[in-house]
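Student: How does the following fold in three dimensions:
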Amino acid sequence: MNFHFPGTYSELREHHFSENYRVKSKNQVNQMDERLILMRINQFEDGFNQLLTLIEDPQYFDFLYYLVEHLDAHPNQKVQLQLVEILSFQIQKLYPDHLEAFKMTLFLLLNVLQQKQIQGQQVRRALKILQQLFNLNAFHDLGREGSRYIFDLVKMAIEIKDTQIREVWIDILVQAIAMWSSYDLNLKNRIVHLMYEQESVVPNISKFLLGCSKNDKLKQYTVDQIILLVNYITEKSTNQTESLAVKNLRELLSQTSKEMPKVYYQQLSAFIGLYDNENYHIRNGLSELITNVIEYLIKESKDQDSDELQLANANNLIKQLLDRHMDKTALCRSNVLQCLSQLLNSNCVPKQHLQTIFAISSSRLRDVSGYVRKSSLQLLKSIVRYYRFLYIQSQGRQNFWSLVEVEEQISRNREELQSIHKDFEEVDKQFQNGEITQDIVNETIKYIKKKAQETIKIQEYLEEYQKFLEGMKTVIIQVLQLCQSKNQADVIHSIKLFSYLQKYNYESANQGLRRMILLVWSQDKTIQQEVIKKFWKLFLRDTKKTRQIVISLIDLISKSNLKELISLEKIILSYETEQVPNYKFPSKIFHTLWEYFGNQEVDQRSMLIFVRILLTRNTSYLNLDKVAQIYNLLQKYSKKDPDWIIIKELATILSKLDRTQNKNQINFNKSIDLLIILLIKYQNSQDMNYFCACDSIIQLVPSADNPELIFETLLQDLGFKSNKMDLEAEEQKKMEELHLAHAIHIAGSVSLQLLIFIDATHNSLKNLKNDREKQIGKEQEIDKIQGGIEGEFEKLHGMVDQIQDLKLIQQNLLSVFSPMVKQILEECLNQMETEETSTRQQPPIIQVSLIAMCKFMCLSETYCRDNIQMLFNIMKSPLVDQVMKNNVIISIGDLLHRWPNTIQKFHKQIYSNLSDTSAAVRRVTLLVLTHLILNDMVKSKTSLSHIPILLNDPHPQIPAMARYFLNELQKKEQRAITNAIPDIILNVQDQNENVLSQISQYIDKSQVESIVDKLITILGTSTNQYEIKNISILFNHLNLTQNSLQKLLDGWEEYREKLGDQFVFNQFINLIKKMKRTLPQDAKPLIEEYEMKVEHHDKETFENRRREKISKKKNVKQTQNENNNDKEQKENKGGNKQQQQQQQQKKKSKKKKEDDFMELESDSEDISQESLVIKKQTSQRRKKNLTKNEDE
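Tutor: Sure thing, here's the model as predicted:
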């Protein structure tokens, strides 16, 4: 028997293979299930143990042949691995005594190993056996065909994941190439084909090529294989940007150049031309290749003590890499920036390139692509780290130098250089006078030169660092802007950069930190989590340094504004929650913080704010001892002017106290009494913070015992009595304004607490009613007639409402203040109108009176009804400052929620403030309207004609808020914006393309045709030039369809004359150009017709007359059809005859219509040739439409 390796697997069955062994039996495997197959394999295994050459029996070999073929088409890992185990165990027994059986077994084993989804210890053992056979030179006489099957093992690159299997596999292939070097083209071509199959092939091919490069005999093979891959794939994939082979080639170049950069360095001329390739993956692969080569050259030059040639080559390659940052493809620009980051991180960039790279990273922050901006931020962080390594850590420092420190050092160095120069002149002078010898001169000059060189070197070093700091000023501004980007990557990498700068105390990092803290309110949860994590790493990570944590956070709080304080509180409260469960908050921090209570060395305001935030996390920190300390501090303040911010924070801290314990309640009451005494004692305080302290203290009172008595005592002790409260009285005129303002403010705060109490009373009554209903169960019928429990509780609710509406404001101590605030505001308005003073901030008494009035109005609907017009008068007055207007707008929003029936008829007056001269007023108005509309308290239709105008507001925050409103409204009511388009156009008082282009994005596609219809009607009737121009602009921003164009043609005469305006005409010309680009080819005749009409808009086409005539004919036809139907019902004779008559009648009417069209076309003799062309096209189009309708 003579077994010969076939050219293909199936060739072993063909007749021309008859000279050697050929498979002749039929395929029985396809009819067997897994159980039978495994049974047969086990029988073979027993047979092989008894007879080594059993495989030479055609019965056994043919079955295994068909089984391997079956497994290739239908993989079964269990069967495959068992077969590998049997064949590999058998093959080592067959060599060298049974060569034919050895070759037959080897043939089957090699084919099984190439199959997909086959991995495991059995495969590793099989490859080990093949490796041993190679070492025994068992394959030297396999010939060309046999070597091809060994080379086919390269297909295993798709599946190999195990490191040990990979090592053996590489060794086998390396030995195969060494043995059959003349046949290696087979292997090269197989590797090329593999690059087109799967992504997973690249890592194993890279390891294989690395193994070849380590073999001295195969270095040329490695180079040839890589060049073949590059040439073949780049030639065949010129137009396939996202081809799998191209992506694999890019990854292969990147991986292999990292593992064997010397090979690429020696053959670099063969690759450098790839920058001219149109495929961006290829260019990216070359950039990564060059980066790895540069890294190799720099490290080699350092190891060899500065090899000048390698350094020069590295510098040239860096220059080539820098030139690619302007690549036309964004992904290539991004890739180059990432390569530069890699070089910086591995300390492989010479100093002379730093400024250039810094300038590139700064300029790319403004790139249009988000990928490039992300890479630019990463590169910037690498540059900052590199500068810190070169200029900071090398000097034994950790934190960055400030610009002032560097300038001072530069100044000192200049003075030192001048001193050195003077020393040199002095030595020369002494030598000329003969005071010193030549030897002394030489020594002195040598010392002076050395000192001068060191100073000059330091000076250069400082000047370079100074340039970096100057450049960072611009960069910081740009990165602060990126913090507000809509792109998530921009924001996250900006946060990372600022976090790094803050960690090492860069002087401007505080701006970035404050911006970063505000981002905790971002709607993007990823950004929120990044802020929280970075804050933890900056301030809370080192739990062993609790005191340092406390001091740094107190310092941060002291420098923060109100927005930042609220953001800080949100961040601190987020730790150990579902949002960031793995970030632990230091447990001992509160006890360390409380040690600074009353310590004047630490800012007590910031310290107490921090305490209040921590108590929000865990109220159990506040115990009797700490309350006693608070009480003692309050007693000290009773003897001197208090700090009202501290008083406010102490009051807020007391509100966190657990009052369920009796002792706590006693201490709580004592503290409240002391706080009330402070309010009364210092009622004439000039400190504006008195007002916010009042609010915090009064919020505590309802939790005390007998709160109504405390309120009564407070109002009475402020010095106001009902018989002395007339504003015209002599005593009142002498009273200080600020004292009065304090009293009014406290009265307003008390009314607010009463409102909260009343709401709680209503809720309590509802709960009580529900409980009663559950207890009683179903009521008897007689109780239902009389009202029952429902009626009883309705009376109770009515009594509470009556007390709230009439008695609280008009019949108790608050009744002293309710007319007073009204009179103060009336006098203020009268004074403004009389003096016509310019807008300026009003004194505290006016502002306090306004807020108090709004609070009284929330409490009493009657008081609200009587005084609501005054609020709107204040809001509309041009002389009122923005603070008062904002307070009124916010109050109106609250009142609309509280008394909707009373306020509803006035609320439309709010819209006038959307065009107020103050940006703050516009912003607050928009904020309030957004809240009211999205919560269904105000209908959206009216507001939609005003709010879109703000999309063009000069204040950057307002357009963003307007877009948010429109987006949310679109989600809530899909057609609300579409329906309001006519009103929006009317309100835009200028041809504002920005507003209209943004509004067009919210128009539903299904509504475009109806919108076009409406706009045509408006365009035809409008005399407002702004409205006409805006409609023409909007047409250009709508995605018009063929039906929309038909409507424009049908309504042509309605708006034809409006094209006399050059601006409108130009817009319609632009519209035609757009339709030529966007509409399908079928619409070309319509577009050409419309273009002809627009270009000759000054010529009448008698479209109206034609339309009237056609409509008359349609009416006549309808009448005829009705008459025919009546005749059919009466006569009820021969259907076929009647159908023939109807067809003849249709032909006649059709012919008559055609004649009518011809008559219309010849109605006017004085029409120009162009007009006749238009009429002819219109006539043909209408004929086609009528024919189509008749056929239907």
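
Student: Please name the residues that touch the residue nearest the centre of the chain.
Tutor: Centroid-nearest residue in the chain, with Cα atoms, centre = their mean: Q488, separated by 3.2 Å. Taking Cβ atoms under 8 Å, 6 or more residues apart in numbering as the definition of contact, the neighbours of Q488 are D524, T526, I527. In short, each C-beta sits where N, CA and C put it, glycine included.

Student: Tell me the most packed of these, by neighbour count.
Tutor: I527 (19 neighbours; other Cβ atoms under 10 Å).

Student: What helix or strand is the closest residue in space to that residue that isn't next to it in sequence located in?
Tutor: Ranked by Cβ to Cβ, 6 or more residues apart in numbering and with sequence neighbours excluded, the top spatial neighbour of I527 is V491, at 5.2 Å. In the assignment (DSSP states H and E), V491 maps to helix 488-503.

Student: Show me which positions of that helix end up buried.
Tutor: For helix 488-503, a neighbour-count test (16 or more other Cβ atoms under 10 Å) marks 489-502 as buried.

Student: next one: stretch 593-603
Tutor: By neighbour count on 16+ other Cβ under 10 Å, the buried set for stretch 593-603 is L593, W594, Y596, V602, D603.

Student: And it, how far out from the chain middle?
Tutor: Here stretch 593-603 is found 41 Å from its chain centre; the criterion is Cα atoms, centre = their mean, to the nearest Å.

Student: how far does that stretch stretch from start to finish?
Tutor: Terminal residues of stretch 593-603 are spaced 12 Å apart (Cα to Cα, to the nearest Å).

Student: what pLDDT, on average, does it get?
Tutor: Mean pLDDT, taken over the full extent of stretch 593-603, equals 89.

Student: go on, stretch 269-276?
Tutor: Stretch 269-276 carries an average pLDDT of 90.

Student: what's the answer for stretch 879-886, then?
Tutor: Taken as a whole, stretch 879-886 has a mean pLDDT of 87.

Student: Over to stretch 678-695?
Tutor: 87.

Student: can I get the CA coordinates of it in PDB?
Tutor: What follows is stretch 678-695, C-alpha atoms only, in PDB (Å, rounded to 0.1, in the frame of the first residue of the first chain):
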ATOM      1  CA  LEU A 678     -30.800  87.200  70.200                       C
ATOM      2  CA  LEU A 679     -33.300  88.100  67.500                       C
ATOM      3  CA  ILE A 680     -35.000  90.600  69.700                       C
ATOM      4  CA  LYS A 681     -31.900  92.000  71.400                       C
ATOM      5  CA  TYR A 682     -30.100  92.700  68.100                       C
ATOM      6  CA  GLN A 683     -33.100  93.700  66.000                       C
ATOM      7  CA  ASN A 684     -31.300  96.900  65.000                       C
ATOM      8  CA  SER A 685     -28.300  95.000  63.600                       C
ATOM      9  CA  GLN A 686     -26.900  96.500  60.400                       C
ATOM     10  CA  ASP A 687     -25.700  93.000  59.300                       C
ATOM     11  CA  MET A 688     -27.800  91.800  56.300                       C
ATOM     12  CA  ASN A 689     -27.200  88.200  57.300                       C
ATOM     13  CA  TYR A 690     -29.700  88.900  60.100                       C
ATOM     14  CA  PHE A 691     -32.500  88.000  57.700                       C
ATOM     15  CA  CYS A 692     -31.200  84.500  56.800                       C
ATOM     16  CA  ALA A 693     -30.600  83.800  60.500                       C
ATOM     17  CA  CYS A 694     -34.200  84.800  61.100                       C
ATOM     18  CA  ASP A 695     -35.400  82.200  58.600                       C
END
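
Student: For it, which residues meet the burial criterion?
Tutor: For stretch 678-695, the buried set under the neighbour-count rule, 16+ other Cβ under 10 Å, comprises L678, L679, Y682, Q683, S685, Y690, F691, A693, C694, D695.

Student: would TSV of those with distance to N561 and secondary structure be doable?
Tutor: As requested, the buried residues of stretch 678-695 are arranged in TSV below (distance: Cβ to Cβ, whole Å; DSSP: H, G, I helix; E, B strand; the rest coil):
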residue	distance to N561	secondary structure
L678	27	helix
L679	27	helix
Y682	26	coil
Q683	29	coil
S685	24	coil
Y690	20	helix
F691	18	helix
A693	19	helix
C694	22	helix
D695	19	helix
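
Student: and which of these is nearest P844?
Tutor: Within the set of those, F691 lies nearest P844; the separation is 7.9 Å, counting by Cβ to Cβ.

Student: Show me how this structure divides into domains.
Tutor: For the chain, whose domains are defined here by automatic domain parsing, the residue ranges read 1-183, 401-482, 488-618, 622-716, 718-777+789-876, 906-1003.

Student: Sweet, I'm off.
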